[in-house]
Structures are given as structure tokens and as C-alpha cells.
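J.: what would the 3D arrangement of this be:
(one chain, ligands or ions: 2)
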Amino acid sequence: MRFLVIGGCGFLGRHIVDELLSRGFPVNVFDIRSTFDDGRVKIFLGDLCKKEDLMPALEGVSAVIHCATPPPLSNNRALFHKVNHDGTLNIIACCKEAGVKRMVLTSSASVVYEGSDIKNGVETMPYASKPMDYYTETKILQEKVVLQANSDDFYTVAVRPHGIFGPRDPHLVPTTVRTAQAGKMKFMIGNGENLVDFTFVRNVVHGHILAAESLGPGSKVNGKAYHITNDEPIYFWTFLSKILVGLKYDAPKRHLPFTFIYFLALILNLFVFLLKPIKDIKPTFTPMTVCLAGTHHYYSSEAAKKDMGYRPIVSLDDGIEETIRSFSHLSKK
Ligand SMILES: NC(=O)c1ccc[n+]([C@@H]2O[C@H](COP(=O)([O-])OP(=O)(O)OC[C@H]3O[C@@H](n4cnc5c(N)ncnc54)[C@H](O)[C@@H]3O)[C@@H](O)[C@H]2O)c1
Ligand SMILES: CC(C)=CCC[C@@H](C)[C@H]1CC[C@H]2C3=C(CC[C@]12C)[C@@]1(C)CC[C@H](O)[C@@](C)(C(=O)O)[C@@H]1CC3
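T.: Ligands and ions are numbered 1, 2, ... in the order given. Below is the predicted model of the structure:
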């Protein structure tokens, strides 16, 4: 079974490519940029929104893993809609024309998150009626169109990871370090006792490949969404502190009231919106990131265990240790 990994030059995508190769699968990659060179992989460069770019990469492909997105913290509404919604519709149309049989979408557990506590959330929870940012708004649209596309000759499934971390992560660890270096990590938001899922990248990869292998005629996974987590919810600020201390930065010790910081983030968000025509500001503390830092948000992966035999293959502590080692270049000097 030849795979095409759309977004295969990104953080998760590259780990998926590496694992598929190690399991002996032939792999194509499609991405708008190239970040690596491997003789075993054909990298097709192009825009997933363009049929003429995508079709050549689908030749001889049986399964597509779509893990491309604009950067989740980029706040670019038009780009999110173009790539995550319109682009995904293009991928579906191209897959059907090329005779691809299986599609795995990398969705996000946050498609049901509206800023309030979620404890052991299940996949049957309704989509957020008021998504907290444009990224999540378009991840909902994306998951809907992929699952609706499921049919007797084109099987689709959505994998919903949460808080992916690991070597080559460009979002979580680098942003945490930058925030610490800017002196903005001296305080925890809230009481520090909000449990969340952080999922080591190789567990997410494992979940994707299991999902791809489980798709097929009469399969119970066809047309469904599945949480893939480490199954080890951890206090948000304990996780961040482990990363920070591991990289020789001080862990936050004092607390700021969640409601107060959330209110400040709302005001900042308004200023960002008003100033947008003049200057594109990308604050780290948005209503979404503040809620992620101050509320419970962990999800049950029981459905994935039952329907596809998923189990995390790397523990949280081992994943944190490997991540810290891989980011030693970001350690405090
Ligand atoms: N990082 C997380 O914590 C997390 C958690 C849950 C779900 N996800 C999902 O996982 C997937 C991968 O996320 P990531 O963290 O690896 O992101 P990433 O930014 O590292 O990778 C995304 C890739 O998509 C490519 N891309 C963007 N626009 C494109 C276009 N128009 N045409 C072709 N390629 C394009 C980028 O070049 C990049 O290589 C995304 O779908 C994201 O929504 C991420
Ligand atoms: C309080 C601060 C600024 C801490 C620094 C760490 C910050 C950067 C870091 C802590 C939590 C983490 C995070 C994401 C980006 C980085 C960020 C916010 C995103 C949004 C990526 C996209 C995924 O789809 C989604 C939604 C998911 O997995 O559901 C996650 C949710 C968890």
C-alpha cells in the first residue's frame, strides 16, 4: 500500500513518513515546502488547494494521510479557510478521481472545545458551536467534509490528537522557550491543577497508521473520529515546568487568577482585531491559549483502543525526556 502524506514536511508529517518507511511502506510526500531529503521518498512540491499540483502525487497511491495546515497559532482566517476547508475538498475530489481508497485526516481534539472544562471527553460530544479561534473553526469544517465523504469506495477516518509534542515540534516547545526568554513564564495562569492531555508524537503516528490499516469494506472505523492521546492526563503547568526545567529555565511558581488573565486576553484580542489593517500582531496569550492553560481538557481514547487496538507506545515521561534531549539547543545558556 503506497501512502501519500500531505503535509509530510511538517512536524507530525515527517514523523509519519519516517515510521511508514521503517515499516516498509512506499511513501510519497506532498507539501508546499521541502524540509528534508530522503532517497526513499518522492517529494512533490505544490499547493494542496491546486488540483494540477496534487494529481501527480496521487499516482499509484492507495492511502492518503492529510496532516497539512497553516500554523495553528497564525490566526490567518482567510488562509485557514482556503487550506483547511477548500483545500481539503480539493484533496477529496482529487483522491476520488485518482482512485485512492483510504483517507486519514489529522483532525484535533479541540473541535469540541469552547474554553470550558472537558474531562475525559468522548468523540460523540458536539462540535464547538462557538470555536475559540479561526484554526479550530476550520478544523471543524475540515473534519465534517472528510467524514461526510466516506462511502463504499472511499473510506475516511479522522484522528483527533491533543497537544502533540516531541522532537522537531515547531509550536509547543519553541513558543514555551520564547515566552520564558521574554520573562513571561514567571506566573502560572490559574491554580495549576487543570488536567490536560499532551501526546507524544510517536503515539500520534502509531494511531494514524492503525487508522489507515483499519479502514476498509465494512470496517467499524469508516466515517468516524477517534481521539489519540497518551492516556496520561497531566497538570498543564507541571508538563510545561518539566520542559522548562529540563531546558534549564525556571519553572513558574506564582499564580495569576485565570478569570483576570482571560479578561486581559479578550481586551488584547480586540486591539489585535482593530489594529489588523495597520499591523498584524500575533500575541502568544490569546483567549484560546489562556483557556488551554487554565482549564481541564483531556479526552478518552477508549474508542480507538476498542475499534483499532490502539495503545500508547511511548510513556509521557519517556516522551518528555526524549523531547528535552532533542531541544538541548534551546537550553538556557
Ligand atoms: N501540533 C499539535 O499539537 C497538533 C495537535 C492536534 C492536531 N494537530 C494537527 O496535526 C497536523 C500537523 O500539525 P503540525 O503540528 O505537524 O503542523 P506543521 O505546521 O508542522 O505542519 C503542517 C505542514 O503543512 C504544510 N502545508 C501548509 N499549507 C499547505 C498547502 N497549502 N499545501 C501543502 N502543504 C501545506 C506546511 O508546509 C507544513 O509542512 C495538522 O493538521 C494539525 O491541525 C496538531
Ligand atoms: C500559556 C502559554 C503561552 C504556554 C506556552 C505553550 C503553548 C504555546 C502551547 C501549550 C498548549 C499548546 C497547544 C497548541 C499549540 C501550542 C500550545 C498553545 C494547539 C493549539 C496546537 C493545535 C492543536 O490542534 C491543538 C488545538 C490541540 O491539540 O487540540 C493544540 C492545543 C494545545
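J.: next structured bit after the longest strand seen in the chain?
T.: Looking across the chain with DSSP state E, the single longest strand is strand 155-161. Per DSSP states H and E, the first helix or strand lying C-terminal to strand 155-161 is strand 164-165.
J.: touching ligand 1 at all, that next one?
T.: Yes - using CB under 6 Å from any ligand atom, we find that strand 164-165 touches ligand 1 at I164. C-betas here are computed from N, CA, C, even on glycine.
J.: which residues are in contact with stretch 140-153?
T.: 66, 81, 84-85, 88-89, 92, 101, 103, 105, 107, 111, 127-128, 131, 156-158, 160, 217, 222-225 (CB atoms under 8 Å, 6 or more residues apart in numbering).
J.: okay, now F198: neighbour count?
T.: 26 (other CB atoms under 10 Å).
J.: sorry, back to before: what mean pLDDT does the longest strand of the chain get?
T.: For strand 155-161, mean pLDDT rounds to 98.
J.: find the nearest non-adjacent residue to P26, please.
T.: Closest residue to P26 apart from its sequence neighbours, by CB to CB, 6 or more residues apart in numbering: R2 at 4.5 Å.
J.: my guess is that neighbour meets V64, correct?
T.: No - using CB atoms under 8 Å, R2 is not in contact with V64, being 10.0 Å away.
J.: in terms of neighbours, single out the busier of those two.
T.: V64 (27 against 15).
J.: now do the SS call for that one.
T.: V64 falls in the strand class when you classify it by DSSP: H, G, I helix; E, B strand; the rest coil.
J.: hang on, the earlier thing: for the residue nearest to P26, give me its contacts.
T.: Contacts of R2 by CB under 8 Å, 6+ apart are 25-28, 60-63.
J.: and of the residues you listed, the nearest to ligand 2?
T.: A63 (22.2 Å; CB to the nearest ligand atom).
J.: ok, what's across the strand from that closest one?
T.: F3, R102 (DSSP bridges).
J.: what's around it, how many residues?
T.: A63: 23 neighbours (other CB under 10 Å).
J.: contacting residues for it?
T.: Contacts of A63 (CB under 8 Å, 6+ apart): 1-4, 100-104, 212, 215.
J.: where exactly do the strands run in the stretch 201-333 of the chain?
T.: 224-228, 234-235, 254-256, 297-299 (DSSP state E, counting those that start in this stretch).
J.: now tabulate these in a markdown table and tack on mean pLDDT and mean neighbour count.
T.: Converted to a markdown table, the strands of the stretch 201-333 of the chain look like this (pLDDT from 0 to 100; neighbours: other CB atoms under 10 Å):
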| stretch | mean pLDDT | mean neighbour count |
| --- | --- | --- |
| strand 224-228 | 98 | 25 |
| strand 234-235 | 98 | 18 |
| strand 254-256 | 96 | 12 |
| strand 297-299 | 98 | 26 |
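J.: report the closest residue of this protein relative to ligand 1.
T.: The chain approaches ligand 1 most closely through G10 (2.1 Å), counting by CB to the nearest ligand atom.
J.: re the thing from before, what's the ChimeraX line that selects buried ones from the contacts of stretch 140-153?
T.: Selection of buried members from the contacts of stretch 140-153 for ChimeraX, criterion 16 or more other CB atoms under 10 Å:
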select :66,81,84,85,88,92,101,103,105,107,111,127,128,131,156,157,158,160,222,223,224,225
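J.: the contacts of stretch 140-153: which ones sit near ligand 2?
T.: Okay, of these, nothing touches ligand 2 (CB under 6 Å from any ligand atom).
J.: for the nearest residue to T35 once chain neighbours are set aside, list the residues it contacts.
T.: Nearest in space to T35, with sequence neighbours left out and distances taken as CB to CB, 6+ apart, is C9 at 4.1 Å. Counting by CB under 8 Å, 6+ apart, C9 touches 29, 31, 33-36, 43.
J.: switch to 10 Å and redo it
T.: 17, 29-36, 43, 45, 68 (CB atoms under 10 Å, 6 or more residues apart in numbering).
J.: likewise T88?
T.: 6, 48-49, 66, 68-69, 103, 105, 138-139, 141-146, 149.
J.: could you do K220 as well?
T.: Counted by CB under 10 Å, 6+ apart, K220 has contacts 214, 303, 306-308.
J.: which of these are buried?
T.: Burial by neighbour count, 16+ other CB under 10 Å: within the contacts of K220 this picks out 214, 303, 307-308.
J.: which of the residues you listed sit farthest apart?
T.: S214 and A303 (11.8 Å; CB to CB).
J.: joint contacts of those two?
T.: 220-221, 224, 226, 310.
J.: quick one: E59 from Q142, how far?
T.: 24 Å (CB to CB, to the nearest Å).
J.: between the two, which is the more surrounded one?
T.: The neighbour comparison of E59 against Q142 (other CB under 10 Å) goes to Q142, with 28 against 13.
J.: tell me the secondary structure at the more buried one.
T.: Q142 is classified as helix under three-state DSSP.
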